[in-house]
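>>> coords please:
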Amino acid sequence: MVKISIIIVTFNSAKFIISCLDSVFKHYEAGFEVILVDNASEDGTASLVRKSYPQVKIIENRSNLGASRARNQGLNFAVGEWILTLDCDVILEENFLQLILKASAEVSPGIGSFQPKILDIKKDKIYSAGIRRSFLTRFYDLGRGLSATGRFDAPGPIFGACCAAALYRRKMLEQIKDSHGYFDERFFFLFEDADLSCRAQKKGWSCMYYPEARCYHQGNSSSTDRKSRQILSFRNRQLLIIKNQNPLVIILMFPLYLIYDLPRFLILATTFKLNFFKFYQF
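Alright, predicted model coming up:
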């Protein structure tokens, strides 16, 4: 029986992926599978993985379908009771899998996801201790940029897990899946994990922060340009609000959203010459 399926999405990731897989297979044991979904890499990522780790199951796309759709492809192929999503530039600490699986076996069945403590690649600052949601429905990584020493060392409930390294209960994912997939494919990437967390909470699932399991993250391994990140970040937050927020709350909050978001939209529209109607084609 496969206890955990590890899904890794790659896009021109040859310089990162072997270090990631080395850390995964360093503490290999029966009961987990690794699925790699490659979004049309041009640097030989898939071939490199096939040669170095033939036991990895590989799905190769002919174009870059985005992180959300690629993860869904992996999920449709996976058979594990738990799903671990990993960015290709994440390196797991010793005993990561054993620790996080031990935690998953000891919690109540209402816990649908786990967030490990993600540090930056230098191991001195926090990359993410989970997702925090603000009053204005903005989403932040807990602890981002803070010293890793003596901070966020206690386990506890959080809003949601950062999918750079997140453990999801398969039963939860099946329950919250909608017409756009487990991860909403309209997001392409950015905020897809926050959207998933919103849907999970509405279904009564909770997320647990578990800092004993640690990993290290390089960040922006896809080398996404600043323009795309800014546009997707703004657009996807709007989609998330429309999709998950109570319509009455949206109406009541609209003046605040307008004050906060309109200047940002005008700056983006002016800077990048956005087409309003094309921009909001979800």
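>>> Just to check, Ser128 is in contact with Cys163?
No: assessed by CB atoms under 8 Å, Ser128 is found out of contact with Cys163, at 9.8 Å. Bear in mind the C-beta positions are built from the backbone N, C-alpha and C, glycine included.
>>> now the strands for the stretch 51-200 of the chain?
Listed in chain order, the strands of the stretch 51-200 of the chain (DSSP state E, counting those that start in this stretch) span 57-61, 82-87, 90-92, 111-120, 126-128, 131-133, 139-141, 156-158, 165-169.
>>> Which of these sits closest to Pro255?
Taking CB to CB, strand 131-133 is the member of the strands of the stretch 51-200 of the chain nearest to Pro255, at 19.7 Å.
>>> Give me the phi and psi for Val34.
Backbone torsions of Val34, given as degrees, to the nearest 10, read phi -120, psi 130.
>>> Pull up the gap between it and Val56, please.
Distance of Val34 to Val56, given as CB to CB, to the nearest Å: 5 Å.
>>> Quick check: neighbours shared by the two?
Leu21 (CB atoms under 8 Å, 6 or more residues apart in numbering).
>>> Would you mind telling me which of these two has the busier surroundings?
Regarding Val34 and Val56, a neighbour count based on other CB atoms under 10 Å identifies Val34 as having more, with 24 against 19.
>>> Please name the bridge partners of that one.
Counting by DSSP bridges, Val34 forms beta bridges with Ile6.
>>> Go ahead and confirm it touches Ser52.
No: using CB under 8 Å as the test, Val34 is too far from Ser52 to be in contact (11.9 Å).
>>> follow-up on the earlier one: out of the strands of the stretch 51-200 of the chain, flag the one nearest Leu268.
strand 139-141 (17.9 Å).
>>> Touching stretch 142-157 from outside, list them.
Stretch 142-157 is contacted by residues 117, 119, 123-132, 158, 206-212 when judged by CB under 8 Å, 6+ apart.
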